[in-house]
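[1] Give me coordinates for this.
(chains A and B)
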There are 2 protein chains.
Amino acid sequence: MIEDKNQQRTNLSDLGEFGLISHLTKNFEIKNSSTLKGVGDDAAVIDFKTKKAVISTDLLIKGIHFDLSYVPLKHLGYKSVVVNLSDIFAMNAKATQITVSIAVSNRFPLEALEELYEGIRLACEIYKVDLVGGDTTSSTRGLIISVTAIGEAESKEIVYRDGAKENDLIVVTGDLGGAYLGLQVLEREKAVFQVNPNSQPDLDMYSYIIERQLKPEARKDIPPLLRELGVLPTSMMDISDGLSSEILHICEQSGVGCRLFEDKIPLDPQVISTCEEFNLDSTTIALSGGEDYELLFTISQKDYDKIKGNPNLSVIGYITNKEQGRYLVTRSGEAVEIIAKGWNALK
Amino acid sequence: MIEDKNQQRTNLSDLGEFGLISHLTKNFEIKNSSTLKGVGDDAAVIDFKTKKAVISTDLLIKGIHFDLSYVPLKHLGYKSVVVNLSDIFAMNAKATQITVSIAVSNRFPLEALEELYEGIRLACEIYKVDLVGGDTTSSTRGLIISVTAIGEAESKEIVYRDGAKENDLIVVTGDLGGAYLGLQVLEREKAVFQVNPNSQPDLDMYSYIIERQLKPEARKDIPPLLRELGVLPTSMMDISDGLSSEILHICEQSGVGCRLFEDKIPLDPQVISTCEEFNLDSTTIALSGGEDYELLFTISQKDYDKIKGNPNLSVIGYITNKEQGRYLVTRSGEAVEIIAKGWNALK
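    Next up, the predicted model:
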């Protein structure tokens, strides 16, 4: 949080719109043979061959989705890509291309945008996707990032939200609640820093949850893992708003009910200890925290043996018929109705 | 410009994010068989079969790209879609789907967004494209619209910017300069209105150019027309920044030069008369005005007979080798070097 006053500042207007785009994207390499034309024409051209195309889009706004006082721009660029790729993996598809549009105030120096694009480039590198287009424009203030993620899948592999059936098992990848708690730690440190700019925070004990917030990863590994295990989920989505909100979406669209078990919800030890420190209920955080970008899916009971014991996957409940409602069974055996308390972008 | 003080105002927060998306998109019908899944899952699913996919994206910001004091929201929604579809037609492709993401301040009433989406719906209807996804979020102020346009084409039909060859003819559709002049008229009326809110402007004599600004149309008709005529352009792009900026892009990417002829540039009579009134040079306006969303393309000389006399198409010059430079030949026979003075989004 210490600003380097000697950093170089190049005015964006020195480059102009076309110079800026080509400057920012010059280190991006095309990695997918399906990308016939990337940046530089009116549109990108992609060859999906016999596969189906999967397309998702998101808009991130400074001050709403991120706070530049503690989100490094490189992390922000990385995260903007990753959260979109998560939607592609949630269709059980392979991510192949992205487009990125940004609007920035002229007060942003070129070097700041280079940082942002370095994060975008890194995500493209790690997730093996091609940047194929975008738009660069000015805003009266702040920073706006719009990402469209593109992927491909065989028709029979695509998993929607509406296929969950009674008695299916509910499975979640990884662990939950970390990203939200990481944000709480960062917000607290920001408040401390504003009071005492010389404070040197020791954040080692929060390293996992801070990374979950600042540099989340999308579950690129899950679609190939499921293929390898011979499991085709009956429904799937990613956890961006929070487990409770997402399971209600699956129930709503599939016309079913559910039972989740509190004691089955996977929590990292750092989530448990930080919840204690902040006096927060870890189940509430896991249910409503959001931004974990894990995958939530349902599978037929007959597939249970295939996933059993896999450290990436936790069975957290099962699907019921609609009339049985949507409940969380607590550690004490009480059934509590699940209500969406996910992060509401318009609150 | 007279506000109806009795209009209904519903707070956005009354609906929440999910309620808002489904409310705004409920009147949208799927029209293309390639749309396997539209709004409502993590991503849209599209079947391009043997065709190639063409994808383009744009970001529009209130205060930079539009002024809500004279741009009705319905027109804005319509235009946001149309300017993106223009990029698809500029690849000689058919537009099939769009995604639309918006960020709005909570101060916007629901009724304003309904107006915006009514314009988006109308554009989908007229251009026969499906709305298949998007994102709705809040901004600290103003309105941000991000549109991704998706299209399809046979591989051999796609036209890039880099194929122009020496001696090719340079062709433009429609007429140029109208959209920019329409904006000048609207800006003047806004200034008059601010001084005297009771003024009743008579804009009949500017109807064509105001429509070019507020409700532009993209040249959906040109790819099928070219197919019908048996003409495959060697290069093509759409005119969003201005003729001079766009022809320089084609020359740059194709590694060629050009000669444009001032007396061949197509102008509407209303453009000529309004230029006289505003004491502006009509050629400068046609070259640098921008936002006309006509198509600029090059064809082999052997195809001249096929397009000759078509009222939609004007031959305005020819391609030279690179060493001969890029010049406009004026009415008096003087050769003036073409410099990009297109609208610069980062000026």
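[2] do you know how far the spatially closest residue to A:Gly255 that is not a sequence neighbour is from chain B?
    Nearest residue to A:Gly255, sequence neighbours excluded (CB to CB, 6 or more residues apart in numbering or on different chains): A:Lys322, at 5.6 Å. In this view, the C-beta of every residue, glycine as well, is placed from N, C-alpha and C. Per CB to the nearest CB, to the nearest Å, A:Lys322 is found 18 Å from chain B.
[3] What pLDDT does the model give A:Lys322?
    pLDDT recorded at A:Lys322 is 98.
[4] domains for chain A, by residue range?
    The record's domain parsing of chain A by the TED database lists A:16-153, A:168-337.
[5] Which SSE is immediately downstream of the host helix or strand of A:Glu125?
    Using DSSP states H and E, A:Glu125 falls within helix A:110-127. Downstream of helix A:110-127, the first helix or strand assigned by DSSP H and E is strand A:130-138.
[6] and the angle from that following strand to helix A:110-127?
    Computed with axes from the mean of the first three to the mean of the last three CA atoms, to 10 degrees, the direction of strand A:130-138 lies at 160 degrees from that of helix A:110-127.
[7] Show me what strand A:130-138 packs onto, helices and strands only.
    If contacts are counted by 3 or more CB pairs under 8 Å, 6 or more residues apart in numbering or on different chains; DSSP states H and E, strand A:130-138 sits against helix A:16-25, strand A:35-37, strand A:44-46, strand A:94-104, helix A:110-127, strand B:52-61.
[8] After it, which helix or strand is next?
    Next along from strand A:130-138, by DSSP H and E: strand A:143-153.
[9] show me the contacts for the most centrally placed residue in chain A.
    Ranked by distance to the mean C-alpha position of chain A (CA atoms, centre = their mean), the top residue is A:Val83 at 3.1 Å. Listed by CB atoms under 8 Å, 6 or more residues apart in numbering or on different chains, the contact set of A:Val83 reads A:58, A:147, A:216, A:218, A:240, A:291, A:293.
[10] Could you tell me what pLDDT the model assigned to it?
    95.
[11] which SSE is it in?
    Using DSSP H and E, A:Val83 sits within helix A:73-89.
[12] now do A:Tyr208
    If you go by DSSP H and E, A:Tyr208 is part of helix A:207-214.
[13] and whichever helix or strand comes after that helix, C-alpha only, in PDB?
    As assigned by DSSP H and E, the chain's next helix or strand after helix A:207-214 is helix A:222-229. Provided in PDB are the C-alpha atoms of helix A:222-229 (Å, rounded to 0.1, in the frame of the first residue of the first chain):
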ATOM      1  CA  ILE A 222     -12.800 -30.300 -13.100                       C
ATOM      2  CA  PRO A 223     -14.200 -30.900 -16.600                       C
ATOM      3  CA  PRO A 224     -11.300 -33.100 -17.600                       C
ATOM      4  CA  LEU A 225     -11.300 -34.800 -14.200                       C
ATOM      5  CA  LEU A 226     -15.000 -35.600 -14.600                       C
ATOM      6  CA  ARG A 227     -14.400 -37.000 -18.100                       C
ATOM      7  CA  GLU A 228     -11.600 -39.100 -16.700                       C
ATOM      8  CA  LEU A 229     -13.800 -40.500 -13.900                       C
END
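[14] who does the very next helix or strand once past helix A:222-229 pair up with?
    Next helix or strand after helix A:222-229 toward the C-terminus (DSSP H and E): strand A:235-238. Sheet pairing of strand A:235-238 (DSSP bridges) gives strand A:295-299 (antiparallel).
[15] Let's test this: mean pLDDT of the partner strand, rounded?
    Computed over strand A:295-299, the average pLDDT equals 98.
[16] So which elements touch the helix or strand following that strand?
    Scanning forward in sequence from strand A:295-299 by DSSP H and E, the next helix or strand is helix A:304-307. With contacts taken as 3+ CB pairs under 8 Å, 6+ apart, helix A:304-307 sits against strand A:313-321.
[17] Close to chain B: what parts of the stretch 101-250 of chain A are there?
    A:101-103, A:106, A:132-140, A:142, A:144, A:146, A:148-151, A:155, A:158, A:160-162, A:236-238 (CB under 8 Å from any CB of the partner chain).
[18] same thing but 7 Å
    Remark: the part of the stretch 101-250 of chain A in contact with chain B comprises A:101, A:103, A:106, A:132-135, A:137-140, A:144, A:146, A:148, A:150, A:158, A:160-161, A:237-238, using CB under 7 Å from any CB of the partner chain.
[19] Neighbour count says what about those residues? Which are buried?
    Buried residues within those, counting neighbours by 16 or more other CB atoms under 10 Å in any protein chain shown: A:101, A:103, A:132-135, A:137-139, A:144, A:146, A:148, A:150, A:158, A:160-161, A:237-238.
[20] related to what we said a few turns ago, what separation do you get for the residue nearest to A:Gly255 and A:Glu252?
    The gap separating A:Lys322 from A:Glu252 is 10 Å, by CB to CB, to the nearest Å.
[21] Provide the angle between the direction of the helix holding A:Glu125 and the direction of helix A:16-25.
    Inter-element angle recorded for helix A:110-127 and helix A:16-25: 40 degrees (by the same axes, to 10 degrees).
[22] where in chain A is pLDDT low?
    A:1-7, A:16-18, A:341-347 (pLDDT under 70).
[23] still on that earlier bit, packing partners of the helix holding A:Tyr208?
    Counting contacts by 3 or more CB pairs under 7 Å, 6 or more residues apart in numbering or on different chains; DSSP states H and E, helix A:207-214 is packed against helix A:178-195, helix A:269-278.
[24] ok, 10 Å please
    On a contact count with 3 or more CB pairs under 10 Å, 6 or more residues apart in numbering or on different chains; DSSP states H and E, helix A:207-214 meets helix A:73-89, helix A:178-195, helix A:269-278.
[25] highest average neighbour count across those helices?
    With neighbours defined as mean count of other CB atoms under 10 Å in any protein chain shown, these peak in mean count at helix A:73-89, which reaches a mean of 25.
[26] Return the distance of that one from the chain's centre.
    Here the centre of helix A:73-89 is set off from its chain's centre by 6 Å, with CA atoms, centre = their mean, to the nearest Å.
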